[in-house]
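In: From the sequence below, what's the structure:
(2 chains)
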Amino acid sequence: MSTATRTSSHSRAGHRSGSREPSGHQTPPGSVAERAPRRRISPERIAAGITLLALLAASIVALDNIGIDPAKMARSWSNAERFFTRVGAISFPEPGELLYLTGLTLGLVICGTLLAAVISVPVAYLAASNTTPGNGWRAFARFFGVLTRAIPDVVFAMVFVLIFSLGALPGILAIGIHSIGMISKMFADAIEQIDEGPRLAIRAGGGSKLQEFTAGVLPQVMPSWVATVLHRNDINLRGSVILGYVGVVGLGMQMSFAFKSLDYGLGLGFALVIFVLCVVMEVVSSAVRAAMLGIQPTGRGLGDRMLRGLRRIRPGSARLGVRAAAASPAAMLHRPWNSARVRNTVWGWIAAAVVVGSILICNIQWGDLVTVWAKVPAIAVQFWPPSFGSYEASTMFDAMGETIAIALAATLLTAIVSIVVGSLAARNVAPNSEVRGGMRLLLVVVRGIPEIILAIVLIVISGLGTQAGTIALAIGGVGLLGKLLADSFEEVKAGPERALTAAGASRLQVYAGATVPQGLRAMIGHTFYMIDCNIRSATLLGIVGAGGVGYYLLNASQGSHYGVVTAIVLMILVTVLLVEGLAIWMRRVFR
Amino acid sequence: MTNPQTPTDTVITLSSVTKRFGATTALNGASIEVKRGEIVVLLGLSGSGKSTLLRHVDGLEQPTDGSIQVLGENVAGLSGRPLRALRSKVGFIFQQFELVPSLSVLENVLTGALATLRGPRLGLWSYGRANKLAALGHLDRVGLLDRAYQRADTLSGGQQQRVAIARALMQNPEILLADEPVASLDPESSDQVMALIREIALDRGLTVLCSLHQVDLALSWADRIVGLRHGEVVLDTTTVGLTKAQVMEIYGRVATTTRELQAIEAELLADTIADSVR
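Out: Next up, the predicted model:
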């Protein structure tokens, strides 16, 4: 170790003094300690560090206030046992009805996600630095994205349920508008990462701006775009549960009815169905991403592994397909039906069938889209001006504070668990492949659980409010943060790890000395993303009775106090934007 | 814009073109004339302004000063549809080929026809049968007809560059610009590609302006050589009777810094060794 250090410093010194006289550099006077440069830290970094510590302290205080008491939890567990004996067996609706509701929920989510995807294309075009027609357009598109992301889909759903007669349309529009924020951002990021060369070639050949985009940009971003849409579809499926509470049709609505009528067995049955559906969807979308797009499977996900078992076609087999003798251009006019083309066509038709099926099962009242505009002014008036109605302002601010406290406490718990689980799920940290596989499986299953379902079940079972919400968010977060951390750890450079191993460091020392420092930036970034997500999710928890401002939101909506809804939404908006701004700042400082 | 075109007219005219990017001057009062059907090589070390000059001819850059006439049009004054119409008559071949990797070879060739089509095109079918046949014909010309339906990124570098040539042909160009077309290729594919460009140019009477940094190749391949240094034209001569030593001498005389001289010496040495090995 010491020889290695000496040689490297020696050769560096030699370089600086000119290669002609490698051994002739002079040692300046003074001890090493005096000559060593002082460590400089920018004030911005100090400020960011203090903010980080303050947030950590706030999270600890929040966790303490919420009082997740193991003893109390244990007591409530006996509650749970009594509860289950009282409820009896979990029950399910008729198979036919269940099938219809499942199809309706899936169709509604798919339609909503597709709507968002379609709207996101122009938004992303305007927001991406290399395609935007001007900085004004860019700022507008980004602001539009942030706004749609910051307003919870439940709020959109409440408004649209009011405007439209019952049906799938409010859900589709709510999901569609809320998802624009994330999808357009990811779309824009993909556009900014393209290779500009092919696009330049189209321009050099006389292509118009639009042609540059369709021929030079679109083919490059398509795989990443489809992956984004599938990913968002998973998120929207989990989020669709809560929409049921504000009157969007589907499994979520039936579940909320069951719980309201105290039919806990049936409610839990619906919860179980939704949970299974979410996990299955997660696996299917992973498989589709790999199969349809020819994306090199990372081999990490559960879906990837299942797919590998199902399909024994190696990537790259497509290139062997075309070997027909090419006699003349006319003979080559039609693409040969090789295995790759057959497969692509089949997948294409399946995708088209899924989309058409989704639209059909939603039974969209297209006429509503036309007639609804007459109702809009009357409804808009009800939402303005914002007011706290009969509530004290302090009550509302306390509720918002409680929401933030839940989010912070949950993020802290999530981070602690995720660092352990995420590390063990990383190939380069896990002691063996069994541990890694087990952790990855755990992450997929946890990710599949909608937080709201978890919160409802915890509340129903233990009767706890805020605590149940916090625990639900914390557990749900592990699925996301654990996966992000595991991926970040696997992406670090292997060189430093090998160097430490070669120097005789233990496994834990390699982890602490090479893996974590390289992944630290990603860890901070992902944790802030988690806070971001948790603030949004926490606002909704109250809707199912798990504490915070969501309770008042639902109450105001059901009591037709729409001014109060506006006031609460504005509060949520300000909070989310603040956290988002903070996250952007942190990511910039700790780059 | 109104210049009448005669068979032996000048198709590219750069008159004291200067281009500055911030503090750096890429072109410094460069003037060149290229006649119809001429095959001209731009020779120079990297950073001498060859790429910038080529990009000006296609209107991909606007000059800071000076004027550019291409096919009778004042390029600096063009924008929108007229600029695109001019670009369609000028094929551009890039060092890194710049094919869309995920599209089929055929669809990449078809993108050369975009200037003659209105609106966006997605998928092979959207280009129509006539265009497809023409594209397949160009692929046949470059010897890659059997690869038409393969993804572009499954081809070797030399094959990709030939697809790029087919894409340029799809434009029915009058001028072919090539920016270091073989710098990323192995010697064998490099010979193939250069021979192909020359053959096609002679067949169709194309004007070619091609940047290179290999003196040997330039001497054997071009009708005329234009040498660039620091964005200035320092050499403009036909290759008839010109020896390599003369070119290098001219180069050496204009090189001002030691590093440049060393670079030229090294290049000369490497070429000499290569010659003796041959």
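In: what number of residues lie near the residue lying closest to B:Ala201 once chain neighbours are set aside?
Out: Of all residues not flanking B:Ala201 in the chain, B:Val208 sits nearest, at 4.8 Å (Cβ to Cβ, 6 or more residues apart in numbering or on different chains). C-betas here are computed from N, CA, C, even on glycine. A count of neighbours around B:Val208, defined by other Cβ atoms under 10 Å in any protein chain shown, yields 24.
In: so B:Val208 makes contact with B:Pro173?
Out: No. In terms of Cβ atoms under 8 Å, B:Val208 does not count as a neighbour of B:Pro173; the distance is 10.0 Å.
In: hang on, the earlier thing: so which helix or strand takes in the residue nearest to B:Ala201?
Out: Using DSSP states H and E, B:Val208 sits in strand B:207-212.
In: Tell me the pLDDT of whichever residue of the stretch 51-200 of chain B sits closest to chain A.
Out: Distances between the stretch 51-200 of chain B and chain A by Cβ to the nearest Cβ are smallest at B:Ala115, namely 2.9 Å. On pLDDT, B:Ala115 comes in at 89.
In: Are we agreed that it is in a helix?
Out: Yes. Assessed with DSSP: H, G, I helix; E, B strand; the rest coil, B:Ala115 lies in a helix.
In: helix, strand or coil for the nearest residue to it once chain neighbours are set aside?
Out: Of all residues not flanking B:Ala115 in the chain, A:Gly206 sits nearest, at 2.9 Å (Cβ to Cβ, 6+ apart). Three-state call for A:Gly206 (three-state DSSP): coil.
In: Please save the CA atoms from the strand holding B:Val208 in CSV.
Out: Presented in CSV, the C-alpha positions along strand B:207-212 are these (Å, rounded to 0.1, in the frame of the first residue of the first chain):
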residue,chain,number,x,y,z
THR,B,207,-18.8,17.9,-57.2
VAL,B,208,-16.9,16.6,-54.2
LEU,B,209,-15.4,18.5,-51.3
CYS,B,210,-13.9,16.2,-48.8
SER,B,211,-11.7,16.8,-45.8
LEU,B,212,-8.9,14.5,-45.0
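In: which neighbours does it have in its sheet, and in what orientation?
Out: Using DSSP bridges, the strands paired with strand B:207-212 are strand B:39-43 (parallel), strand B:175-179 (parallel).
In: Identify each buried residue in the first one, please.
Out: Taking 16 or more other Cβ atoms under 10 Å in any protein chain shown as the basis for neighbour counts, the residues of strand B:39-43 that come out buried are B:39-43.
In: Run the angle between the next helix or strand after it and strand B:175-179 for me.
Out: Next in sequence after strand B:39-43, counting helices and strands by DSSP H and E, comes helix B:50-57. Counting by axes from the mean of the first three to the mean of the last three Cα atoms, to 10 degrees, helix B:50-57 lies at 150 degrees to strand B:175-179.
In: Counting neighbours, what do you get for the nearest residue to A:Arg507 once chain neighbours are set aside?
Out: Excluding the flanking residues, the one nearest A:Arg507 by Cβ to Cβ, 6+ apart is A:Pro431, at 7.3 Å. By other Cβ under 10 Å, the residues close to A:Pro431 number 9.
In: Spatially central residue in chain B, please.
Out: With distances taken as Cα atoms, centre = their mean, the residue of chain B nearest its centroid is B:Ala178 (1.4 Å).
In: residue ranges of the helices in the stretch 351-500 of chain A, please?
Out: A:366-371, A:376-382, A:393-424, A:433-448, A:451-462, A:466-491, A:494-502 (DSSP state H, counting those that start in this stretch).
In: Mean confidence (pLDDT) on the second one, please.
Out: In this case it means helix A:376-382. pLDDT averaged over helix A:376-382 gives 83.
In: Quick one: check whichever helix or strand A:Pro223 is part of for contact with chain B.
Out: Here A:Pro223 sits within helix A:218-245, counting by DSSP H and E. Yes. Using Cβ under 8 Å from any Cβ of the partner chain, we find that helix A:218-245 touches chain B at A:218-220, A:222-223.
In: Which one, of the strands paired with strand B:207-212, ends up nearest to A:Ser423?
Out: Nearest to A:Ser423 among the strands paired with strand B:207-212 is strand B:175-179 (48.2 Å), distances taken as Cβ to Cβ.
In: which residues sit against stretch A:436-448?
Out: A:238, A:275, A:278-279, A:281-283, A:300-302, A:421-422, A:424-427, A:430, A:475-476, A:478-480, A:482-483, A:486 (Cβ atoms under 8 Å, 6 or more residues apart in numbering or on different chains).
In: now the residues of helix A:218-245 next to chain B as CSV including pLDDT, neighbour count and distance to A:Ala556?
Out: Shown next, in CSV, are the residues of helix A:218-245 next to chain B (pLDDT from 0 to 100; neighbours: other Cβ atoms under 10 Å in any protein chain shown; distance: Cβ to Cβ, whole Å):
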residue, pLDDT, neighbour count, distance to A:Ala556
A:Leu218, 93, 19, 44
A:Pro219, 91, 21, 48
A:Gln220, 91, 21, 47
A:Met222, 89, 13, 43
A:Pro223, 85, 16, 44
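In: which one of those residues sits closest to chain B?
Out: Nearest to chain B out of the residues of helix A:218-245 next to chain B is A:Pro219 (Cβ to the nearest Cβ; 4.8 Å).
In: If I follow the layout properly, the closest one ends up in contact with B:Asn108?
Out: No. A:Pro219 is beyond contact range of B:Asn108, at 9.5 Å (criterion: Cβ under 8 Å).
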